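Next input, structure requested:
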Amino acid sequence: MLYPIENKVREVKNLSGIWKFKLDEKNVGMEEKWFEAPLEDWIPMAVPASYNDLLTDSNCKEHVGYVWYEKEFIIPNSWDGKRIVLRFGSATHHAYVYVDGKQVAYHKGGFLPFEVDITEMMEKSTLENHRLTVALSNVLDWTCIPCGEVISKEGDGYPDGFHFQETYFDFYNYSGIHRPVKIYTTPKTYMEDIVIQTKVEGLNSNCPEGRLLTMEDYKKVERATLPTADSAVVKVKIQSTDSVKAVMVLDETEAVIAMETCFRCTETDGKRNYEAELKLENPTLWNPGAAYLYTLRVEGESDVYSETFGIREIETTENRFLINGRPFYFKGFGRHEDSEIHGKGLDDALNIRDFNLLKWIGANSFRTSHYPYSEEHMMLADREGLVVIDEVPAVGMCFWDGQQVFGGNRVNEETLKHHLDTLQEVYERDKNHPSVVMWSVANEAATHEEGAVPYFEKVIQRMKELDDTRPVTMVHTTGADGDKVSQWLDVICVNRYYAWYTDHSHLEVIGLQLEKEMRRWHEKYHKPVILSEYGADTIAGYHKLPAVAFTEEFQCEYLNEFHKKFDQLDFMIGEHVWAYCDFQTKQGLNRVDGNKKGVFTRNRQPKMAAYELRKRWK
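Below you'll find the predicted structure:
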């Protein structure tokens, strides 16, 4: 899927702003066909944004079911003769889309884009103003990822119709149209998709020799002269209804440095599939912290499209993760798209702040826990040289009380289908981003269950079929002895909270337990290991001497106990602290206004631990 861009033959109309909004309190709007007429009794609502924190009514904040959005738009006369596409960056979680009262699209899944061609409808319409209506449901069940279920209770002590959304993950189920809604044009014959893959030849990693065990060893690698290459081959696949005339590569000065006009072409169902190879001499590689982006420009008879890309090589060994031949150590965080007021709504200003803080603290990477982040977010990572583990929203597939998840009446064939569909969607969206170096297919699933084996064999195999250029991982909470699925993975990611959820506050157990378990993972699978979550809830401004749990001093001491052991295990290739900043969760006895494990507050101010991490990482 190509991101909407403007050029001489394509135009984009952004529908972001104030929409009409109506809460479907009794969930009767679909039955009563509210989409057939303009909404009544509506209130203003911002798009993109989560609606939950924008109103003052708790019934709206915790609503389970449908809400309705409406927006009028105009198609200008200058768009006559062009293909017209309606596109949503994301809508959480089930979106029914209507134009002028007629359904044009349905999408399941709250974190990826979807679009629909409305050309024919617009050409036949005699209306000047068009009405866009969205019926949006936030309900999660066992056919979805994330997983959840609606709990209903009846009888003495409960009011009629009492129900609530239960989720099995530790972030708030923010709902709404979270990313921009756009209408864009292309010529009637157009570029539908572009796949860019690069292969480096004559790589010189310029890597200093060393054991590469401690943070200082990895810093020597980072300070060394950047890797170089004699040449690179850029392989391009184009799916198009237009006739492709030229493919060219531009450098960052916009100079054309390679061009191809002869292609291998096949045709299926009226769509042409073009393949081309371009060779670049002495290319500048995309490196962590030193991004370089080329532009691929495709010109057809009618359409033109430009896509940025980077040239870099990825490889894994038993003990290492290599980027451009250099051992790479993941320093960074698990994070959330989460902020006050906006919830999970796209906020470009917030993204800029976040990336500046990541660079300030010395982070070189992050995981999109636990869902794909916005396309705008990924573009920033490409530009800023941040390395990304791209994760699909397969979270909530584990019960902490031992109840069965796989092979029973919970995760089922429909869940698997949605999971596989989501892999396809995230690949199609993010395949050309150089910042994405690894796919994560799930977070904290019950991989000790027998039913998880056939499920994740299909999931991991599908991800590797889609993309054989990047490693695949998943993030574990099951222990190494119980895990049954990691034989198909390339990298092991583990979440652990020694001395927090177990042996609470006893820092002396961290080193012993960490070494024992991480060695067991490595001995079992002979693959590199990342500690993808570790952390302690910390109340900003709470101090005590000696340190006690929830103080800023304790968070520093807690993290340092992990770091001592990381520097002694040569198969550990990364540390992602949980979390980058505090974030909202559902209400619960162990959460007071959200998860407080951030090293930054929710409004992006540092706790003491941020300064300690900066010393270690920079």
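
Number of residues surrounding residue 424?
With neighbours defined by other Cβ atoms under 10 Å, the count for residue 424 comes to 13. Every C-beta, even on glycine, is put in place using the N, C-alpha and C of the backbone.

State the pLDDT value of it.
Each residue has a pLDDT score; the one for residue 424 is 98.

Helix, strand or coil: sort out it for me.
helix (DSSP: H, G, I helix; E, B strand; the rest coil).

what sits against the closest residue to it other than its chain neighbours?
Taking Cβ to Cβ, 6 or more residues apart in numbering as the measure, residue 424 lies nearest to residue 466, with 6.7 Å between them; neighbours along the chain are not counted. With contacts defined as Cβ atoms under 8 Å, 6 or more residues apart in numbering, residue 466 is in contact with 423-424, 427.

Give me the contacts around stretch 58-66.
Contact partners of stretch 58-66, identified using Cβ under 8 Å, 6+ apart, comprise 23-25, 27, 29-30, 51-53, 55, 135-139, 150, 163-165, 175.

at 10 Å what do you get?
Contact partners of stretch 58-66, identified using Cβ atoms under 10 Å, 6 or more residues apart in numbering, comprise 21-30, 34, 43, 50-55, 57, 67, 94, 96, 135-140, 150-151, 163-166, 172-173, 175, 586-587.

Give me the subset of those that lies in strands.
When DSSP state E defines the strands, the subset of the contacts of stretch 58-66 inside them is 21-23, 43, 67, 94, 96, 135-137, 150-151, 163-166.

Can you tell me which of these are buried?
Among the ones in strands among the contacts of stretch 58-66, the ones that count as buried by 16 or more other Cβ atoms under 10 Å are 21-23, 67, 94, 96, 135-137, 165-166.

Include distance to residue 530 and pLDDT when you put the residues you listed into a markdown table, please.
Written out in a markdown table, the entries for these read as follows (distance: Cβ to Cβ, whole Å; pLDDT from 0 to 100):
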| residue | distance to residue 530 | pLDDT |
| --- | --- | --- |
| 21 | 41 | 98 |
| 22 | 45 | 98 |
| 23 | 42 | 97 |
| 67 | 38 | 98 |
| 94 | 33 | 98 |
| 96 | 39 | 98 |
| 135 | 40 | 98 |
| 136 | 35 | 98 |
| 137 | 35 | 98 |
| 165 | 32 | 93 |
| 166 | 30 | 93 |
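
quick one: which of those is nearest to residue 244?
Within those, distances to residue 244 taken as Cβ to Cβ reach their minimum at residue 96, with 36.0 Å.

Who are the contact partners of that closest one?
Applying Cβ under 10 Å, 6+ apart, the residues contacting residue 96 are 29-30, 35, 66, 68, 103-107, 133-137.

Which of those residues are buried? Put it as a ChimeraX command.
Paste this into ChimeraX to select the buried members of the contacts of residue 96, with burial taken from 16+ other Cβ under 10 Å:
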select :29,35,66,68,105,107,133,134,135,136,137
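
what sits against the closest residue to residue 492 other than its chain neighbours?
Using Cβ to Cβ, 6+ apart and skipping residues adjacent in sequence, the residue nearest residue 492 is residue 529, 4.7 Å away. Contact partners of residue 529, counting by Cβ under 10 Å, 6+ apart, are 319, 476, 480, 491-494, 517-519, 521-522, 569, 571-574.

Could you list which of those residues belong to helices?
With helices defined by DSSP state H, the entries of the contacts of residue 529 inside them are 517-519, 521-522.

Tell me which residue of the protein is furthest from the middle?
residue 156 (43.4 Å; Cα atoms, centre = their mean).

From residue 166, how far off is that one?
21 Å (Cβ to Cβ, to the nearest Å).

With residue 174 instead?
If you go by Cβ to Cβ, the gap between residue 174 and residue 166 works out to 16 Å.

now the strands for the stretch 501-618 of the chain?
In chain order, the stretch 501-618 of the chain shows strands spanning 529-533, 572-578, with DSSP state E, counting those that start in this stretch as the criterion.

Out of these, which is closest to residue 13?
Comparing the strands of the stretch 501-618 of the chain by their distance to residue 13 (Cβ to Cβ), the top pick is strand 572-578, with 38.7 Å.

hang on, residue 360 in a helix?
Yes - the secondary structure assignment for residue 360 places it in a helix, going by three-state DSSP.

Surely it and residue 618 touch.
Yes - with the criterion set as Cβ atoms under 10 Å, residue 360 and residue 618 qualify as a contacting pair; they are 8.6 Å apart.

Double-check that residue 418 belongs to a helix.
Yes - counting by three-state DSSP, one finds residue 418 located in a helix.

who touches it in this structure?
The contact partners of residue 418, by Cβ under 10 Å, 6+ apart, come to 108-109, 143-145, 147, 393-394.

What of residue 87?
Shown here is residue 87, whose contacts under the criterion Cβ under 10 Å, 6+ apart are 1, 3-4, 12, 15, 105, 113-116, 179-184.

same question, residue 377
By Cβ under 10 Å, 6+ apart, residue 377 lies in contact with 179, 335, 337, 346, 348, 351, 354-355, 366, 368, 386, 388, 435.

Could you export those as TSV, including distance to residue 417 and secondary structure?
Compiled in TSV, the contacts of residue 377 are given as follows (distance: Cβ to Cβ, whole Å; DSSP: H, G, I helix; E, B strand; the rest coil):
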residue	distance to residue 417	secondary structure
179	24	coil
335	28	coil
337	26	coil
346	28	coil
348	34	helix
351	32	helix
354	34	helix
355	35	helix
366	29	strand
368	22	coil
386	32	coil
388	26	strand
435	29	coil
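
and stretch 219-235, which residues are buried?
Judged by neighbour count (16+ other Cβ under 10 Å), stretch 219-235 contains these buried residues: 221-222, 226-229, 232, 234.

chain center to it: distance?
Stretch 219-235 sits 26 Å away from the centroid of its parent chain (Cα atoms, centre = their mean, to the nearest Å).

next one: stretch 377-384
The gap between the average C-alpha position of stretch 377-384 and the chain average comes to 12 Å, counting by Cα atoms, centre = their mean.

just stretch 476-490 next, same as before
Mean C-alpha position of stretch 476-490 versus that of the full chain (Cα atoms, centre = their mean) differs by 22 Å.

Quick check: buried residues in that stretch?
Buried residues in stretch 476-490, counting neighbours by 16+ other Cβ under 10 Å, are found at 476-478, 480, 483-486, 488-490.

Considering the ones in helices among the contacts of residue 529, which possesses the most neighbours?
Ranked by the number of neighbours (other Cβ under 10 Å), these place residue 521 first, at 23 neighbours.

So that residue sits against residue 483, correct?
Yes - with contact defined as Cβ under 10 Å, residue 521 reaches residue 483; the gap is 8.2 Å.

so what's in contact with the two at the same time?
With Cβ under 10 Å, 6+ apart, residue 521 and residue 483 have common neighbours 476, 492, 494.

need these in a markdown table with distance to residue 454 and pLDDT, can you?
Listed next are those as a markdown table, based on distance: Cβ to Cβ, whole Å; pLDDT from 0 to 100:
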| residue | distance to residue 454 | pLDDT |
| --- | --- | --- |
| 476 | 18 | 97 |
| 492 | 20 | 98 |
| 494 | 23 | 98 |
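
Return the member of these nearest to residue 247.
For those, the minimum distance to residue 247 (Cβ to Cβ) is 38.9 Å, reached by residue 492.
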